[in-house]
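Student: Give me the fold of what follows.
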Amino acid sequence: MTTPIPRLPPSNIKVLIVGAGFAGLTAAIECHRKGHSVLLLEKSPDLQPLGDIISFGQNSSRFFDKWPGVRKALDPITHKSEEFHFHAWDGRFVTTQSFWGEHQAWGQRVNGHRGEIHRVVFEHAVARGVDVRLGRNVVRYFEEGGEGGCAGVETEDGERFTADVVLAAEGVRSRGRRLVLGVEDDKPLPSGYAVFRTWFAADEVRENDKTRHLVADGDSHNGWIGEDVHFLAAAIKGGTEMSWVCTHKDEGSIEESWQFPGRIEDVLRVVEGWDPVVVELVKMTPPERLFDYKLVFRDPLPTFISPQARTALIGDAAHPFLPTSIQGASQAMEDGVVLAACLDKAGKGQVQEAVRVWERIRYERVHKIQQTGVSTREQWHKADWDAIWKDPESLHLKREAWILDFDAEADAYASYDAVRERLAGEQAG
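Tutor: Below you'll find the model as predicted:
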């Protein structure tokens with residue numbers, strides 16, 4: 001029997017979304033759930049299972065529970081370990097951080113392969129009846145008519161689409177940034193770091209005496225911390241698959257692609273003299289499954305929305321995150337959830353008001369959470385080991401309630417009226 005998919009009555013608000021990543025899909029699902037009319041355009045002709053491990057904190061994974069069938073579909077493909085084991089770079093054990101108490105109080109985290117989780121969410125959007133059109137490359141954003149007008153996009157083949165509001169969700173190179181910012185896209189700046197990352201079957205890991213313990217009891221999560229380097233390894237799917245990431249200093253040119261090839265010999269140079277467990281994991285990595293992801297940053301944008309407040313940047317198009325924040329995907333999802341709720345509160349006649357309120361609700365929270373990516377990296381990369389051996393728990397990830405024990409949907413409904421009144425007061429003044 002098919003699980004019914006509840007939806008609010010039609011709002012007659014037309015929402016056009018560009019990009020079918022987690023920001024775009026969440027916005028599409030939540031807007032559809034609120035009764036809005038949704039069209040989602042994605043430039044890829046088909047969705048490939050790209051990427052490797054991705055994490056969703058309790059602040060975003062709670063939304064999977066609101067989408068019928070999604071949590072059940074995710075369960076067999078997500079990470080089951082609730083402990084993280086820290087080691088010094090040379091293999092000495094330091095401490096174990098347990099997430100079990102947090103799990104009970106705040107909900108269930110979701111970690112797994114980006115492509116597999118993305119497929120589940122994409123299929124739910126389609127099952128809901130969201131109009132998803134693949135192979136539509138958007139080359140221009142526009143707005144017409146000022147107050148009471150519309151926003152829209154034009155595709156590479158000359159098609160034009162219009163809506164009450166357009167959400168640019170196609171990542172850091174979004175063409176929507178030009179319309180919103182009023183200038184050519186700002187250039188990414190080097191962070192000085194890059195990440196080697198991979199995902200592969202764990203058969204050889206199980207056969208190797210040095211690495212067998214990583215998969216012998218099913219899923220596991222381990223990290224090794226060195227000077228300006230950290231190496232994280234996760235066994236998943238009952239220990240049948242292995243993912244690792246290695247953040248390291250980088251002086252190379254700026255690239256922003258999951259598909260920039262990595263080289264085993266480069267990783268081995270980074271971890272030379274490290275714990276043999278780490279070295280063996282690198283050596284057994286299939287070369288074709290290794291990628292080098294350059295970490296870049298951009299200065300915070302002055303705004304996420306266009307002057308007419310009919311076009312909004314969401315997800316990485318508005319606020320790219322460092323991996324050490326463990327919040328990039330979660331904040332992309334929060335963007336879509338809050339936008340859908342604001343449109344629901346405002347109604348058809350007040351779409352621009354809803355977009356302005358949405359930006360005010362999201363702006364400070366997003367940028368405050370972005371800073372945690374830098375602080376966590378520095379906590380590990382600039383670690384004072386004399387102090388750590390006295391207080392091993394100082395290495396633990398900061399898991400703060402204001403970030404994780406947070407319901408963005410409930411907060412949007414609760415704060416909408418006060419934010420709207422504050423904005424009106426500012427405009428009147």
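
Student: which helices and strands does the one helix or strand Phe200 maps to pack with?
Tutor: Assigned by DSSP states H and E, Phe200 belongs to strand 189-201. With contacts taken as 3 or more CB pairs under 8 Å, 6 or more residues apart in numbering; DSSP states H and E, strand 189-201 sits against strand 241-249, helix 264-270, strand 290-297. Using the backbone N, CA and C atoms, a C-beta is placed for each residue, glycine as well.

Student: what sits up against the shortest one?
Tutor: Applying CB atoms under 8 Å, 6 or more residues apart in numbering, the set of residues contacting helix 264-270 from outside is 196, 229, 246, 248, 279, 282-283, 285, 287, 290, 292.

Student: now, the most widely separated pair of these?
Tutor: Maximum pairwise distance among those (CB to CB): 20.6 Å, between Val229 and Pro287.

Student: These two: which has the busier surroundings?
Tutor: Using other CB atoms under 10 Å as the criterion, Val229 and Pro287 rank with Val229 on top: 18 against 11.

Student: what's the closest non-adjacent residue to that one?
Tutor: With sequence-adjacent residues excluded and distances taken as CB to CB, 6 or more residues apart in numbering, Val229 is closest to His248, at 4.9 Å.

Student: Would you mind measuring from that neighbour to Ala414?
Tutor: Noted for His248: a distance of 43 Å to Ala414, by CB to CB, to the nearest Å.

Student: and what of Glu227?
Tutor: 45 Å.

Student: residue contacts, the nearest residue to Ser37 once chain neighbours are set aside?
Tutor: Leaving out its chain neighbours, the residue that sits closest to Ser37 by CB to CB, 6+ apart is Lys14, at 4.9 Å. Lys14 sits next to 36-37, 39, 162-165 when contact means CB under 8 Å, 6+ apart.

Student: separation between Lys14 and Tyr141?
Tutor: For Lys14, the distance to Tyr141 - CB to CB - is 15 Å.

Student: got the contact list for stretch 417-425?
Tutor: With CB under 8 Å, 6+ apart, stretch 417-425 has contacts from 345, 353, 356-357, 360-361.

Student: Please narrow those residues to those residing in helices.
Tutor: With DSSP state H as the criterion, helices contain 345, 353, 356-357, 360-361 from among the contacts of stretch 417-425.

Student: what helix or strand does Ala387 sit in?
Tutor: According to DSSP H and E, Ala387 maps onto helix 385-390.

Student: contact partners of whichever helix or strand comes after that helix?
Tutor: The element immediately downstream of helix 385-390 (helix or strand, assigned by DSSP H and E) is helix 401-404. Identification of contacts with helix 401-404 by CB under 8 Å, 6+ apart yields 57-59, 102, 106, 327, 369, 372.

Student: Dump those to JSON lines, plus neighbour count and pLDDT.
Tutor: What follows is those, written out as JSON lines (neighbours: other CB atoms under 10 Å; pLDDT from 0 to 100):
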{"residue": "Gly57", "neighbour count": "26", "pLDDT": "92"}
{"residue": "Gln58", "neighbour count": "23", "pLDDT": "93"}
{"residue": "Asn59", "neighbour count": "25", "pLDDT": "95"}
{"residue": "Glu102", "neighbour count": "18", "pLDDT": "63"}
{"residue": "Trp106", "neighbour count": "20", "pLDDT": "88"}
{"residue": "Gln327", "neighbour count": "24", "pLDDT": "91"}
{"residue": "Ile369", "neighbour count": "23", "pLDDT": "91"}
{"residue": "Thr372", "neighbour count": "20", "pLDDT": "82"}
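
Student: Closest one to Asp157 out of these, please.
Tutor: Once CB to CB is applied, the member of the contacts of helix 401-404 that ends up nearest Asp157 is Gln327, at 36.5 Å.

Student: which residues touch the residue lying closest to the closest one once chain neighbours are set aside?
Tutor: Nearest residue to Gln327 in three dimensions, chain neighbours excluded: Ile369, at 5.2 Å (CB to CB, 6+ apart). By CB under 8 Å, 6+ apart, the contact list for Ile369 reads 321, 325, 327, 331, 403.

Student: In PyMOL, how would I select just the buried ones from the residues you listed?
Tutor: For the buried members of these, the matching PyMOL selection, counting by 16 or more other CB atoms under 10 Å, is:
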select buried, resi 321+325+327+331+403
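
Student: can you pull the contacts of Glu143?
Tutor: Counted by CB under 8 Å, 6+ apart, Glu143 has contacts 149-152, 179, 306, 308, 310-311.

Student: Ala317 now?
Tutor: Counted by CB under 8 Å, 6+ apart, Ala317 has contacts 19, 23, 168-172, 174, 176-177.

Student: Show the buried residues in these.
Tutor: 19, 23, 168-172, 174, 176-177.

Student: Report the spatially nearest residue to Val132, omitting neighbours in sequence.
Tutor: Per CB to CB, 6+ apart, closest to Val132 is Leu40, 4.7 Å.
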